[in-house]
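**Q** model this:
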Amino acid sequence: MSNTISILGSTGSIGRQTLEVAEQMGLRVAALTAHASVERMEEQARQFRPRLAVLTDEAAAKDLAVRLADTDTRVLGGFDALTEAATVPEADTVVTAVVGMVGLKPTLAAIKEKKRIALANKETLVCAGELVMDAADRYGAEIVPVDSEHSAIFQCVQGCVDRGEIKRLILTCSGGPFYGMTYDEVGKMTKADALKHPNWKMGPKITVDCATLMNKGLEVIEAMRLYRLPLEQVSVVIHRQSIVHSLVEYRDGAVLAQLGTPDMRLPIRYAMTYPNRGLNPAEPLDLLSCPPLTFAAPDREAFPCLAMAEEAATEGGTACAILNGANEEAVRLFLADRIGFHDIPRLVAEARTAVPVVQSPTLEDILEADRAARQVVLGN
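**A** This is a model prediction of the structure:
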C-alpha cells in the first residue's frame, strides 16, 4: 500500500489521473516532474505541495522557480533532476509516467532505493528489460504495472504460485483508429486521423503508436520482460470494445480475464493499493449495458510495426532499444508534419538494418543503440 508518491511525468495524461487518484486516496505527493509545462506544474505544485518540482527544460524550470518562490517547493531543471525526484527519501512509490527513454535512468535509481515502481513508462522495459528486472530482484523493489493490459495480466496471475503453469499471455488491442483498413488505405491517413483513438484519451505519441500498432508491439516486449516468457507465449488479439483488458491462459485450459471500463484510474489505483483493493468512486462496469465483446486477429501486413516489434523481441540484445529509439524519432517527425504515416515503419526498418545489435548489453550499450537509431532516422 502506497502512502507517499513521486510522479515522473505529472502533467501528462497518466500523471494527471494519478494526481486525481492521490487526492481521492489522501496520498502525499513528494515530487512532481514534467518537461516544460510551467503553468500546469505551478497549479499542481500549489495544490499538492511537493517537496520537489522538476522541469527538464531548464528555461522553463527557471520560470517555475520564480512562480513558486513563495512556497516551500524546491525547483530543479534538467534531465538529471529526474533521478533526484525518483529517489526522494519520503516517497515509497515512484509513478513512472514519462514518455520515452528518459524514464530509464530514474527508474533504475528508484529501484536501487527499493521503491515500489508503478510502471507506466513501457520504454524502460522494452529497451532494458533484463537490466531492470535483474535490478529489481537484486534490490528487492516491487514493479507494479500501470498500463491497463499489463495491470490486467498482473491481476490475473496473483493466484499463480508457479509461473510454469502459464501457457500464454493474451494482450488485447483496440485496433486503433484504422482498424479494418488495408495497407494502402492506412497510408492515406493524416496526423489528425491518427490522433482519433476510439476508446482512450492519451498523449499524442502513444496515440500514434496505437494507430501503427507499435504500442501493442512494445507491450508484447514488455510482457516478455515482466514475466520472463518467450514470444511464443505472448499473443495479441483485437478487442475493439476495450472492456477485456487482457487474459492469461493456463496449462489446464483455464483462461482468466480482467474486465473493466476503459478508465486508466482503475489500474493506477490498483498500483497504489496493491496487494489490497481500495474503494473506487467511479462507475463500475455494467455488463448488461456494455456492447457485445468481439475478438479478432491483428493484421500484420496493414500494420507492420507489430511484426517488427515481435522480430526485435526475438532477436534480443539491443534490438528493442534500436526499434524504440527509431520509433520515437519517427513519431516525433510525423507529429511535426515532416513525414507521412507509412514513413514511420519505413524509418524504423531502416534503423533496424543500419544499427548493429549487441547481445548481453550494458546500460551504455543500450543508450548508444538508442542514440544511433535516432541518428539514422534524423539522417533520412
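
**Q** could you list the domains of this protein?
**A** 4-145, 152-307 (automatic domain parsing).

**Q** now distance to R332 and mean neighbour count too, for those, in a markdown table please.
**A** Quick note: C-beta positions are derived from backbone N, CA and C, even for glycine. Formatted as a markdown table, the domains of the chain follow (distance: least, Cβ to Cβ, whole Å; neighbours: other Cβ atoms under 10 Å):
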| stretch | distance to R332 | mean neighbour count |
| --- | --- | --- |
| domain 4-145 | 10 | 21 |
| domain 152-307 | 8 | 17 |
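
**Q** Throw these into JSON lines and include mean pLDDT, thanks.
**A** Compiled in JSON lines, the domains of the chain are given as follows (pLDDT from 0 to 100):
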{"stretch": "domain 4-145", "mean pLDDT": "96"}
{"stretch": "domain 152-307", "mean pLDDT": "94"}
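
**Q** helix, strand, or coil at the nearest residue to G140 once chain neighbours are set aside?
**A** Among residues not flanking G140 along the chain, K114 sits closest, at 5.6 Å (Cβ to Cβ, 6 or more residues apart in numbering). Secondary structure assignment for K114 (DSSP: H, G, I helix; E, B strand; the rest coil): coil.

**Q** report the contact partners of K114.
**A** K114 is in contact with Y139, G140, A141, counting by Cβ atoms under 8 Å, 6 or more residues apart in numbering.

**Q** from the residues you listed, which land in helices?
**A** Y139 (DSSP state H).

**Q** return the member of the contacts of K114 nearest to P267.
**A** P267 lies nearest to A141 out of the contacts of K114, by Cβ to Cβ, at 18.9 Å.

**Q** these two touch, right, V99 and P204?
**A** No: checked against Cβ atoms under 8 Å, the pair V99 and P204 is beyond contact range at 9.4 Å.

**Q** any idea what V29 is bridged to?
**A** I5 (DSSP bridges).

**Q** now S235
**A** I170.

**Q** just checking, it touches C173?
**A** No: S235 is beyond contact range of C173, at 10.5 Å (criterion: Cβ under 8 Å).

**Q** so R374 is in which element?
**A** Secondary structure assignment for R374, by DSSP states H and E: helix 363-378.

**Q** residues contacting that helix, please?
**A** Residues contacting helix 363-378 (Cβ under 8 Å, 6+ apart): 101, 104, 108, 127-128, 131, 318, 321-326, 328-330, 333, 347-348, 350-352, 354-355, 357-358, 361.

**Q** list the buried residues in that helix.
**A** Neighbour-count burial for helix 363-378, counted by 16 or more other Cβ atoms under 10 Å, picks out D365, I366, L367, E368, A369, D370, A372, A373, R374, Q375, V376, V377.

**Q** between the residues you listed, which is closest to D162?
**A** Using Cβ to Cβ, the buried residues of helix 363-378 come closest to D162 at I366, 31.3 Å.

**Q** per-residue pLDDT, that closest one?
**A** Here, the pLDDT recorded for I366 equals 96.

**Q** how close does it sit to T96?
**A** Distance check for I366 against T96: by Cβ to Cβ, to the nearest Å, it reads 17 Å.

**Q** R49 now?
**A** From R49 to T96 the distance is 22 Å (Cβ to Cβ).

**Q** and G253, what does it touch?
**A** Counted by Cβ under 8 Å, 6+ apart, G253 has zero contacts.

**Q** can we see that at 10 Å?
**A** K167 (Cβ atoms under 10 Å, 6 or more residues apart in numbering).

**Q** and the one 5 residues further on, by the same measure?
**A** Q258 is in contact with 148-149, 151-156, 172, 243-248, 266-267, 270, counting by Cβ under 10 Å, 6+ apart.

**Q** same thing but at 8 Å, please
**A** S151, A152, I153, Q155, C156, V244, H245, S246, L247.

**Q** so is the first one in a helix, a strand, or just coil?
**A** In other words, S151. helix.
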